[in-house]
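Engineer: please work out how this folds:
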Amino acid sequence: MSEAKKKRTKYRTTNWKAYNAALKARGALTMWLDRDMQWLAAPSGKRGRRQTFSDAAIQFCLSIKCLFGLALRQTLGLVESLLRLAGLDWPVPDYSTVCRRQKTLQAQITYRPSAEPLQLLVDSTGVKFVGEGEWKRKKHGAEYRREWRKVHLGIDAQTLEIRAVEVTSNAIGDAPMLPELLAQIAPDEAVASVTADGAYDTRACRDAIAQRGAVAVIAPRKNARLWRRSSPGSESRNEAVRACQRLGTSIWKTWSGYHRRSLVETKMHCLKRLGERVTARTFERQVVELHVRVAVLNRFRAANKTQSSPSLSESLKADERQGSQRCAVGEVGAVAA
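Structural biologist: Sure thing, here's the model as predicted:
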């Protein structure tokens, strides 16, 4: 047995008061609703019957649904209880309205800009859903055909917030979606580096990174060979290949900061904590459901960073107003859905 295993550091909790308070705060359920939130839809100026509820109201209901893993009818019952506890006489949309609006909803994903140039971490993961293959296996005992949705994420290494997200089928690979993720970053925002695994070691990915003026921290594939200098990203890739051949892959990963990619793996775990599978049946609704989860994670991260109690509905507003009055629902941990 080595000396490192014999002398393990034992960590003991000394701040029990703060530790117990932090654990209690995890179980606290406090909702903050903005009275100035536009719950009803504004006139669109077009002919025909206008929508009753705004997109912010629909996204709020879907956020509650994703947070607690409820069905639509149970979700609307919880939303009605929250509004009643807050003393708001806002109407609650019907479950059929939420289901219909979910197909065309443009989920608002808020984020905090970085003080330094963006360091983007990219990876993808799979999310299960009830597909045709699973239904046939359950109904008829047919051969199982595995299906899932791929979620491509790009997070900020500094703020740990999700800056870019794409949802595709399992037939789409990882590399073709990297240019799409970079396109979601504002053109005037500086990108310092893009870190990804060996699946993104393609000419298209490295060229897209080079066009943004960023450094590609992508592990070369095993037995990689040098590329011809015919593309903008070939030079940086050849330097990485030479470094791996001379120094070794482990030293190159440590020197380049490649291990920061584990942060995006942690973010994927957080995304799946909101549900191992999506409940929507159509692809459009599944995309919206996953976007709502991303918006919830970014809001949680912002609340943890600022150590305040921001409003969930406030993040859904198009324009935030200063000095708005907020109404706390309070501790509703005993409220049953």
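
Engineer: which helices and strands does the host helix or strand of residue 73 pack with?
Structural biologist: Here residue 73 sits within helix 72-85, counting by DSSP states H and E. Helix 72-85 is packed against strand 30-34, helix 55-68, helix 95-102, strand 326-331, with contacts defined by 3 or more Cβ pairs under 8 Å, 6 or more residues apart in numbering; DSSP states H and E. For the C-beta atoms, the positions are set from N, CA and C on the backbone; glycine is no exception.

Engineer: rank these by mean pLDDT and give me the bottom one.
Structural biologist: Among the helices and strands packed on helix 72-85, strand 326-331 carries the lowest mean pLDDT, at a mean of 32.

Engineer: specify the angle between the helix holding residue 73 and helix 95-102 in degrees.
Structural biologist: 100 degrees (axes from the mean of the first three to the mean of the last three Cα atoms, to 10 degrees).

Engineer: average pLDDT across helix 72-85?
Structural biologist: Helix 72-85 comes out with an average pLDDT of 93.

Engineer: one more: stretch 271-279?
Structural biologist: The model assigns stretch 271-279 a mean pLDDT of 91.

Engineer: what about residue 224, which SS state?
Structural biologist: The three-state label for residue 224, taken from DSSP: H, G, I helix; E, B strand; the rest coil, comes out as coil.

Engineer: which residues does it contact?
Structural biologist: Residue 224 is in contact with 201, 241, 244, counting by Cβ atoms under 8 Å, 6 or more residues apart in numbering.

Engineer: check residue 159 too.
Structural biologist: With Cβ under 8 Å, 6+ apart, residue 159 has these contacts: 111, 112, 114, 301, 305.

Engineer: hang on, residue 268 in a strand?
Structural biologist: No: under three-state DSSP, residue 268 sits outside any strand and is assigned helix.

Engineer: give me the neighbour count for residue 75.
Structural biologist: 23 (other Cβ atoms under 10 Å).

Engineer: wait, it touches residue 64, no?
Structural biologist: Yes: using Cβ atoms under 8 Å, residue 75 is in contact with residue 64, at 5.4 Å.

Engineer: and residue 116, what element?
Structural biologist: Applying DSSP H and E, one finds residue 116 in no helix or strand.

Engineer: can you give me the helices for the stretch 101-250 of the chain?
Structural biologist: For the stretch 101-250 of the chain, the helices defined by DSSP state H, counting those that start in this stretch cover 132-140, 178-183, 203-211, 234-247, 249-256.

Engineer: is it true that residue 126 touches residue 148?
Structural biologist: Yes: the pair residue 126 / residue 148 is scored as a contact, 4.2 Å apart, by Cβ under 8 Å.

Engineer: pull up the overlap in contacts between those two.
Structural biologist: Shared contacts of residue 126 and residue 148 (Cβ under 8 Å, 6+ apart): residue 170.

Engineer: any idea which residue sits dead centre in this structure?
Structural biologist: For the chain, the residue nearest the mean C-alpha position is residue 294 (3.0 Å; Cα atoms, centre = their mean).

Engineer: assign a three-state SS to it, would you?
Structural biologist: Per three-state DSSP, residue 294 ends up helix.

Engineer: correct me, but it touches residue 161?
Structural biologist: No: counting by Cβ under 8 Å, residue 294 does not reach residue 161; the two are 9.3 Å apart.

Engineer: the longest strand seen in the chain: which residues count as buried?
Structural biologist: What stands out as the longest strand in the chain, according to DSSP state E, is strand 118-129. Neighbour counts over strand 118-129 (16 or more other Cβ atoms under 10 Å) mark 118, 119, 120, 121, 122, 123, 124, 125, 127, 129 as buried.

Engineer: can you check stretch 67-78 too?
Structural biologist: 67, 70, 72, 74, 75, 76, 77, 78.

Engineer: which one of the residues you listed is nearest residue 181?
Structural biologist: For the buried residues of stretch 67-78, the residue nearest residue 181 by Cβ to Cβ is residue 67; the value is 25.5 Å.

Engineer: how close does the nearest residue to the closest one once chain neighbours are set aside sit to residue 181?
Structural biologist: The shortest distance from residue 67 to any non-neighbouring residue, by Cβ to Cβ, 6 or more residues apart in numbering, is to residue 296 (6.4 Å). Distance of residue 296 to residue 181, computed by Cβ to Cβ, to the nearest Å: 20 Å.

Engineer: who does the nearest residue to residue 196 once chain neighbours are set aside bridge with?
Structural biologist: Leaving aside its chain neighbours, residue 196 sits nearest to residue 122 (4.4 Å; criterion: Cβ to Cβ, 6+ apart). Per DSSP bridges, the residues bridged to residue 122 are residue 154.

Engineer: now do the contacts for residue 122.
Structural biologist: 152, 153, 154, 178, 181, 194, 195, 196, 200, 264.

Engineer: is it possible to get TSV of these that adds neighbour count?
Structural biologist: Output for those, formatted as TSV (neighbours: other Cβ atoms under 10 Å):
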residue	neighbour count
152	20
153	24
154	27
178	28
181	21
194	27
195	26
196	26
200	25
264	23
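
Engineer: fine, thanks again, bye for now.
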